[in-house]
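In: Generate a structure from the sequence data that follows.
(one chain, ligands or ions: 1)
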Amino acid sequence: MRFFVDTADIAAIRELHELGMVDGVTTNPSLILKSGRNIAEVTREICELVEGPVSAEVVAADAEGMIREGKHLAEIAPNIAVKVPLTWDGLRACKALSDDGHMVNVTLCFTASQALLAAKAGATFISPFVGRLDDLGLDGMELIADIRTIYDNYGFETNVLAASIRSVNHIVECARIGADVITAPPAVIKAMASHVLTDKGLEQFNADWAKTGQKIGL
Ligand code: E4P
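Out: Here you go, the predicted model:
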């Protein structure tokens, strides 16, 4: 399973990247706003740091505008994946940009039927939003499972990129289902390392070790 980091925070990306935890990065207009940076500058910096796909999102509403913006974003670096919304115009832009040799991430996917259209339009990645479906009392994970089944039934090569990941459990469930990629905020990826019994066990070992009066390597 590939891990993408859902942020435009360079320091957070660097910290996870040093540990080999970053296979790619996803950004969106809200994350660019949060970074307080210029989109071209921060995206270029991320692309210099990370070898894998870096998603940068278009903001035009019409296909022609999305294609124009997508080509502009793709000039930043060879590892840019152009992110387009799952609208009819977004699908038109997806087809044109992927035919032109660009990686395309189709975002804001909330149904299996949308995911099927994105695959047929040549998407490199489909981004179903798990957390936002859960927020409505729906089952985001069921959508991941449905898309996995449909893509496997027909051999679609579009990668299932589970997005809007809010918890460690989301990531484990995605791994169980067989999502190709998850994209999660840095804090959620770091939380994967934590367990109360790990902390408790370490506390006990440290206390017992102190009682031995020994030192290692000294
Ligand atoms: C990923 O591509 C999306 O931008 C992101 O995962 C959305 O997450 P959110 O629903 O927590 O904003």
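In: Which of the three states applies to the spatially most central residue of the chain?
Out: With distances taken as CA atoms, centre = their mean, the residue of the chain nearest its centroid is Thr183 (2.4 Å). For Thr183, the assignment made with DSSP: H, G, I helix; E, B strand; the rest coil gives strand.
In: Look up the closest residue to it, ignoring the ones flanking it.
Out: Distances taken as CB to CB, 6 or more residues apart in numbering place Phe4 nearest to Thr183, at 3.9 Å, with adjacent residues excluded. Yep, even glycine has a C-beta here, placed from its N, CA and C like the rest.
In: a helix runs through the one you found, doesn't it?
Out: No - the assignment for Phe4, made by three-state DSSP, is strand rather than a helix.
In: Surely it and Ile182 touch.
Out: Yes - if you go by CB atoms under 8 Å, Phe4 and Ile182 touch, sitting 7.0 Å apart.
In: Could you give the separation of the lengthiest helix in the chain from the chain centroid?
Out: Counting by DSSP state H, the longest helix found in the chain is helix 196-212. Distance, stretch centre to chain centre, for helix 196-212: 36 Å (CA atoms, centre = their mean, to the nearest Å).
In: Then stretch 139-148?
Out: That offset, for stretch 139-148, works out to 16 Å (CA atoms, centre = their mean).
In: Let me see the residues that make contact with that stretch.
Out: For stretch 139-148, contacts defined as CB atoms under 8 Å, 6 or more residues apart in numbering pick out 110-112, 115, 126, 128-134, 160, 162, 164, 170, 173-174, 177-179.
In: Equivalent analysis for stretch 104-115, please.
Out: 26, 28, 53, 55, 57, 70, 81-86, 90-91, 93-94, 97-98, 118, 121-129, 132-133, 143, 146-147, 150-151, 158, 160-161, 163.
In: What average pLDDT does it get?
Out: Mean pLDDT, computed over stretch 104-115, is 98.
In: That stretch near the ligand anywhere?
Out: Yes - if you take CB under 6 Å from any ligand atom as the test, stretch 104-115 does meet the ligand, through Thr107.
In: joint contacts of Phe4 and Ile182?
Out: When contacts are counted by CB under 8 Å, 6+ apart, Phe4 and Ile182 are jointly contacted by Leu161.
In: wait, what's in contact with the residue nearest to Thr183?
Out: The contact partners of Phe4, taken as CB under 8 Å, 6+ apart, are 22-26, 52-53, 55, 161, 181-184.
In: which of the contacts of stretch 139-148 are buried?
Out: For those, a burial check counting by 16 or more other CB atoms under 10 Å picks out 110, 112, 115, 126, 128-131, 133-134, 160, 162, 164, 170, 173-174, 177, 179.
In: circling back: restricting to the contacts of stretch 104-115, which residues neighbour the ligand?
Out: Answer for the contacts of stretch 104-115 near the ligand (CB under 6 Å from any ligand atom): 26, 28, 127, 129, 132, 163.
In: returning to that earlier point: which one of the contacts of Phe4 is nearest to the ligand?
Out: Thr26 (3.9 Å; CB to the nearest ligand atom).
In: ok now do that closest one, which residues does it touch?
Out: Listed by CB under 8 Å, 6+ apart, the contact partners of Thr26 are 4-6, 54-55, 83, 105, 127, 161, 163, 183.
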